[in-house]
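In: Return atomic coordinates for the entry below.
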Amino acid sequence: MFAPATRRLIALGSAALLLVFARPAVTAAQPRATVSVPRIEAPPAFEDFLDMDPERTGPMARLAPFLQLEPDEGREGTELTMAWLGYTDTHLYVVVYAFDRNPGNIRARLTGRDQIYDDDRVFVWLDTMGDRRNAVALGVNPLNVQGDFAFADPDGFDTALDVVYDSRAALTPKGYVAWFAIPFRSLRFSNTPVQQWGVMVERTIAHKGESLFWPGLSSRIEGRARQLAVLDGIRDVRPGGALQFIPYASTASTTHPTAPRADELRFGVDAKAVLLQSLVLDATVRPDFSQIESDEPQLLANERFELALTERRPFFLENATLLRSSAGSEHMQLFFSRRIVEPDAGVRLTGRVGPWVLGSLVAVDRGGLGPSHAADADDTSRAAAAVGVLRRDLPGRSDIGLIATTRTDRHTANHVAAIEGRFALTPSWSVQALLAGSQSTDRAIDHRATGSAAAVEAAHEGRHLRARTRYLDVADAFRADLGFIPRRDIRLADQLVRWYWRPGGRIVSHGPTSRVEYVWSTGGDLLDWTAEAGWEITFTGPTTIGFTRREQRETFLGHRFRKAANEVRFLSYRLGVLTGESTFTWGTDVNHAPASGAAPVVAPASALTVTATVRPTRGLRVDQSVLVSKLRNPAEPSQGLLSRAWRSTVAWQLTPGWAVRAILERRDTDAPARWSSAHQQRSTTIDLLLSYRLGPGTALYVGYANATDVDAPAGQLLPAPDASRQHRLFVKASYLIWR
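Out: Reported below is the predicted structural model:
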């Protein structure tokens with residue numbers, strides 16, 4: 001076990017890594033590559049490029065060489081890559097040669113849109129606003145399956161973006177060719193005669209774990225959008241796509257053994273309007289989420305705090321990072337869209353006007369009541385929810401902004417306001433800070449409370465050193481009913497440091513990781529601490545092996561406990577047919593759901609998580625997830641709290657448009673009454689979906705779900721199979737109208 005002196009040593013060692021290994025950052029402005037794109041008389045024919053002639057000449061601008069970011073930053077790619085650019089009055093054209101001396105190794109699958117990230121692929125990045133902070137990326141795999149995303153520094157990737165563009169791709173004896181025809185009306189840019197954008201072309205060689213870019217990227221500079229090349233030469237073009245409408249109709253039938261059959265015919269519409277070439281107004285009326293998959297399984301039986309579920313609903317996904325507070329991360333999010341349970345209608349305005357960034361969302365939630373009244377299932381009232389963000393760019397990639405959220409229903413009201421700043425100190429060091437206040441009213445008991453919260457975080461992103469130091473202070477009275485704050489009345493300080501040696505060859509990187517975290521009550525009492533240290537090795541492929549030793553002290557229900565855990569991780573994407581990752585943890589943990597009248601104790605614990613993907617053919621994909629967690633009763637080792645989740649997904653892409661998908665999921669929780677008060681459950685779900693997707697917004701879905709649940713009161717044995725069974729059949733069609 002880590003003694004107090006050892007914990008201090010880990011903390012001091014983390015700080016030492018910062019001082020010894022952190023090299024002085026280059027603060028001078030980095031030169032940017034420039035390319036002048038010519039106007040061409042006619043669109044380039046895809047067939048003219050299938051010979052992959054590297055000596056090709058013509059009116060289009062040529063981009064080369066492509067340099068590695070991973071695994072050997074700055075070196076030319078091990079396979080030749082070339083690209084050409086040109087434009088007409090209506091389209092930007094990009095053609096990419098992706099040579100491969102062993103074309104049989106190229107990974108290319110027939111899959112759904114935005115599911116190409118395990119394949120060889122090519123992406124074109126465009127910063128159409130020229131702000132060096134935001135970009136869109138449009139890509140294809142070698143079988144012409146499209147994928148696109150938005151990127152913002154420092155928030156990262158937003159894969160909810162759907163852009164209408166034409167593409168073609170084909171495998172050849174020399175590799176593959178990718179061809180893009182990007183309509184200007186699909187892009188958002190200023191209405192000026194002369195455009196100056198940012199551009200970058202990316203190629204991923206999946207079977208080598210190699211990522212190539214033109215122009216070359218540096219991991220020593222924080223952010224990617226600022227490193228795009230300057231794209232000159234585009235003149236007298238106009239953005240379009242000012243109005244988009246996606247009306248839908250769905251019908252569903254639900255049967256339940258204890259309730260009459262329910263039939264529902266539903267209509268709704270999603271609409272998008274582009275204002276001032278950069279502001280996007282999205283609106284939805286009665287959004288339908290029937291085609292969304294169920295949540296990924298999580299083991300919740302012995303969790304001490306609430307866990308966040310991933311958002312999957314389309315209306316909330318695009319530009320989601322714009323509405324998210326960055327300081328505080330997993331400990332404090334002021335807006336968490338899953339708090340809006342079932343919206344009747346919603347409006348969202350997002351975008352940029354000069355140096356100003358705006359984001360707002362308003363929704364009417366049929367989910368009804370606030371957190372303190374959620375048990376009143378008979379209440380049919382609506383709740384009003386809103387979030388607003390206003391940010392101002394500052395010199396040097398810094399910004400400052402305001403965030404506000406509000407949620408009201410007939411019982412409660414909650415208002416939150418915050419100021420947040422992000423400051424780039426050097427190309428690799430940045431600081432973020434947030435100060436928030438809340439006011440909450442519970443009309444049922446005539447109670448009003450105010451509270452405050454604050455967070456500050458310093459981070460470094462480099463090729464060898466990655467570090468983060470964070471401090472968080474959340475008052476007990478601080479509430480954010482639209483946010484995710486799993487723990488209040490705390491002051492938290494933590495430090496994470498990772499160092500990467502990069503020897504080259506088969507070992508891409510290896511090095512130590514250390515983390516120290518302390519949690520106090522706002523009154524100053526030390527509640528919890530965590531100290532962990534580990535080592536991680538990444539091989540080409542990529543394949544990663546890691547080990548971590550973690551020791552903790554935890555205060556729970558007035559008792560103090562010491563616990564420890566060892567963790568082994570394995571991840572590999574080296575094989576094209578089989579990829580996956582697994583984590584095995586063993587040690588001790590606290591029983592957070594003791595039996596009635598019993599005190600919590602520390603008990604032997606173990607957990608296993610395995611996820612794997614099998615691709616036996618180009619169109620067939622099988623995903624398997626297995627989660628097992630066990631907490632053993634020290635008095636009776638043969639008994640304990642056992643949670644299991646098993647999920648199998650089979651997806652078959654029949655054609656680029658048609659696909660079928662089946663999900664079989666089983667979740668079990670066993671909790672002997674003498675040991676645990678956790679809720680016992682057996683549940684089985686079968687989910688079937690037939691889909692036809694012509695393009696973004698135009699789709700047909702036919703789905704069926706069969707759910708079976710067997711429940712028992714907390715701490716009691718499961719009853720005889722007297723299951724609750726529900727059947728649901730739905731059909732949904734939507735169509736994109738673009739003007």
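In: which stretches of the stretch 251-400 of the chain have low pLDDT?
Out: 256-259, 277, 288-295, 327-328, 367-380 (pLDDT under 70).
In: in the stretch 501-650 of the chain, which spans are strands?
Out: For the stretch 501-650 of the chain, strands defined by DSSP state E, counting those that start in this stretch occupy the ranges 507-521, 526-539, 543-556, 559-572, 578-590, 602-614, 620-632, 640-653.
In: Now stretch 533-545: buried residues?
Out: Judged by neighbour count using 16 or more other C-beta atoms under 10 Å, the buried positions of stretch 533-545 are Ala533, Gly534, Glu536, Thr538, Phe539, Thr540, Gly541, Pro542, Thr543, Thr544. All C-beta spots, glycine's among them, are computed from the backbone N, C-alpha and C.
In: What's the mean pLDDT across it?
Out: Taken as a whole, stretch 533-545 has a mean pLDDT of 91.
In: Name the residues that touch that stretch?
Out: 10, 71, 208-209, 498, 506-515, 546-549, 567-574 (C-beta atoms under 8 Å, 6 or more residues apart in numbering).
In: same question, stretch 548-567
Out: 1-2, 7, 304, 513, 527-534, 546-547, 569, 583-590, 592, 599-600, 602, 605.
In: Quick one: distance of that stretch to the chain centre.
Out: The gap between where stretch 548-567 is centred and where its chain is centred comes out at 29 Å by C-alpha atoms, centre = their mean, to the nearest Å.
In: tell me the phi and psi of Phe49?
Out: phi -100, psi 0 (degrees, to the nearest 10).
In: Distance check, it against Phe180.
Out: The spacing between Phe49 and Phe180, counted by C-beta to C-beta, to the nearest Å, is 12 Å.
In: more crowded one of those two?
Out: Phe180 (25 against 20; other C-beta atoms under 10 Å).
In: Over to Asp48: give its phi and psi.
Out: According to degrees, to the nearest 10, Asp48 has phi -70, psi -10.
In: What is the burial count for it?
Out: So Asp48, with other C-beta under 10 Å, has 12 neighbours.
In: hmm, back to that, shared neighbours of Phe49 and Phe180, which are they?
Out: Val95.
In: Return the set of buried residues in stretch 399-418.
Out: For stretch 399-418, by 16+ other C-beta under 10 Å, it's 399, 401, 403-409, 411-418.
In: As JSON lines, the strands of the stretch 501-650 of the chain with distance to Leu472 would be great.
Out: Formatted as JSON lines, the strands of the stretch 501-650 of the chain follow (distance: least, C-beta to C-beta, whole Å):
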{"stretch": "strand 507-521", "distance to Leu472": "9"}
{"stretch": "strand 526-539", "distance to Leu472": "13"}
{"stretch": "strand 543-556", "distance to Leu472": "17"}
{"stretch": "strand 559-572", "distance to Leu472": "22"}
{"stretch": "strand 578-590", "distance to Leu472": "22"}
{"stretch": "strand 602-614", "distance to Leu472": "26"}
{"stretch": "strand 620-632", "distance to Leu472": "27"}
{"stretch": "strand 640-653", "distance to Leu472": "29"}
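In: Ok, which of those strands comes nearest Pro59?
Out: Evaluated with C-beta to C-beta, the strands of the stretch 501-650 of the chain place strand 640-653 nearest to Pro59, the distance being 36.9 Å.
In: Okay, buried residues for the closest one please.
Out: Buried residues in strand 640-653 (16+ other C-beta under 10 Å): Gly640, Leu641, Leu642, Ser643, Arg644, Ala645, Trp646, Arg647, Thr649, Ala651, Trp652, Gln653.
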